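S.K.: Below: sequence and its predicted model.
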Amino acid sequence: MAVALAAGLIVAGCGSQAQRSEGSHQVARPVPLGSHVSAPPVRLCTTGPVALGSRRVAYAALVPRSAVARSRPGGGPVVGRLGHLDVNQVPTVVGVIAVRTNRHCDPGWYRVQLALVPNGTTGWIPARSLRVYRVTSRIVVSLSNRSLALYRSGNRVLRTRVAVGAPDTPTPTGRFFVNERYVLTDPNGPFGVAALGISAHSNVLHDWTEGGPIALHGTNEPSTIGAAASHGCIRIDNSIMRRLLHLSPAGTPVLIRR
């Protein structure tokens with residue numbers, strides 16, 4: 001399956017819209033989840049929610065069929081409705097950040113991060129509606145230093161300079177996760193060789209397609225690396241972007257800080 005970026009996730013928050021386009025007609029091909037371990041958290045016997053994840057390991061989940069996220073475990077207003085494919089027709093991934101066990105000490109509900117507006121939206125989904133897995137990668141972006149670091153099992157394995165959002169279209173800060181992975185059939189366009197879609201959205205481009213989603217991607221303008229030059233996305237040198245794609249499975253936490 002291929003996705004025309006001019007109408008898809010990555011373009012929306014990285015410099016293209018109907019009124020203002022970079023002229024990109026790059027075609028993206030979704031790639032598999034990447035390296036992960038299908039294993040739910042250990043059994044816990046608690047009376048309240050327990051946070052999951054650390055600097056060495058994080059949890060994510062696929063939605064095999066459909067799921068309803070609610071404001072609290074056991075019920076509450078609906079926060080979001082998820083299908084097994086997202087708006088770009090790739091498998092739906094959520095970040096898993098907490099668990100509420102049942103009376104048998106098995107996971108009953110998971111608190112998950114959702115790729116919805118506003119940024120930081122979370123909800124509770126029944127454990128039976130998710131397929132949980134572990135990832136050992138973690139990405140940290142420093143906007144002030146214009147740098148990105150990738151960690152595996154708590155150890156830094158990659159550090160590089162990046163381009164960040166321009167002053168009028170800043171890169172949003174917060175805790176996000178990788179939810180889509182693409183390679184580009186033509187590496188010579190604005191999005192370079194590959195892209196990682198993340199759960200963040202621009203805080204200023206509200207009228208853009210899909211709310212202005214943000215991505216980490218390659219570039220055909222390497223001279224902008226180290227500058228505040230994008231519409232909110234993180235631009236990365238193509239040679240580094242290839243490595244980042246290989247080492248960052250879907251579900252990888254992404255911390256963007258000032």
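M.R.: In hand now; what should we look at? The structure displayed is predicted, hence computed values, not measured ones. Residues are numbered from 1 along each chain as shown.
S.K.: which stretches of the stretch 101-250 of the chain form helices?
M.R.: Under the criterion DSSP state H, counting those that start in this stretch, the stretch 101-250 of the chain carries helices at the ranges 238-247.
S.K.: Run through it and note the low-pLDDT ranges.
M.R.: 209 (pLDDT under 70).
S.K.: Pull the contacting residues for His104.
M.R.: Listed by C-beta atoms under 8 Å, 6 or more residues apart in numbering, the contact set of His104 is empty. All C-beta spots, glycine's among them, are computed from the backbone N, C-alpha and C.
S.K.: Let me fix that, I meant to ask about His217.
M.R.: Counting by C-beta under 8 Å, 6+ apart, His217 touches Ile10, Cys14, Phe191, Gly192, Ala194, Ala195, Leu196, Cys233, Ile234, Arg235, Ile236, Met241.
S.K.: hang on, the fourth one packs against Pro222?
M.R.: What it means is Gly192. No - judged on C-beta atoms under 8 Å, Gly192 makes no contact with Pro222 at a distance of 9.0 Å.
S.K.: which residues are in contact with both of these two?
M.R.: Asn238.
S.K.: Across the sheet, point out what pairs with Val135.
M.R.: Under DSSP bridges, the beta-bridge partners of Val135 are Ala58.
S.K.: surely it meets Ser54?
M.R.: No - at 11.8 Å, Val135 and Ser54 do not qualify as touching, with contact defined as C-beta under 8 Å.
S.K.: So if I had to pick from the two, which one is more boxed in?
M.R.: Val135 (25 against 9; other C-beta atoms under 10 Å).
S.K.: and Leu85, how far is that from Arg70?
M.R.: Separation of Leu85 from Arg70 (C-beta to C-beta, to the nearest Å) stands at 21 Å.
S.K.: In strands only, show me the contacts of His217.
M.R.: Mapping those onto strands (DSSP state E) picks out Ala194, Ala195, Leu196, Ile234, Arg235.
S.K.: check contacts around the closest residue to the third one other than its chain neighbours.
M.R.: Counting by C-beta to C-beta, 6 or more residues apart in numbering, the nearest residue to Leu196 once its immediate chain neighbours are dropped is Leu216, at 4.5 Å. By C-beta under 8 Å, 6+ apart, Leu216 lies in contact with Ile139, Val141, Leu148, Ala195, Leu196, Ile198, Cys233, Ile234, Ile236, Met241, Leu244, Val254.
S.K.: Now rank those residues by neighbours and give me the top one.
M.R.: Busiest of the contacts of Leu216 [other C-beta under 10 Å] is Cys233, holding 32 neighbours.
S.K.: so how far is the first residue of stretch 246-253 from its last?
M.R.: From its first residue to its last, stretch 246-253 covers 15 Å (C-alpha to C-alpha, to the nearest Å).
S.K.: in the longest strand seen in the chain, what's buried?
M.R.: Looking across the chain with DSSP E, the single longest strand is strand 174-184. Of the residues in strand 174-184, those buried under the neighbour-count criterion (16 or more other C-beta atoms under 10 Å) are Arg175, Phe176, Phe177, Val178, Asn179, Glu180, Arg181, Tyr182, Val183, Leu184.
S.K.: Output it as CSV - backbone C-alpha positions only.
M.R.: The C-alpha coordinates for strand 174-184 follow below in CSV (Å, rounded to 0.1, in the frame of the first residue of the first chain):
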residue,chain,number,x,y,z
GLY,A,174,5.2,17.1,25.4
ARG,A,175,5.2,13.4,25.6
PHE,A,176,4.2,11.6,22.4
PHE,A,177,4.8,8.3,20.6
VAL,A,178,5.6,7.0,17.2
ASN,A,179,2.3,5.8,15.5
GLU,A,180,3.2,5.5,11.8
ARG,A,181,6.4,4.6,9.9
TYR,A,182,7.0,5.3,6.2
VAL,A,183,9.7,5.1,3.6
LEU,A,184,9.5,7.4,0.6
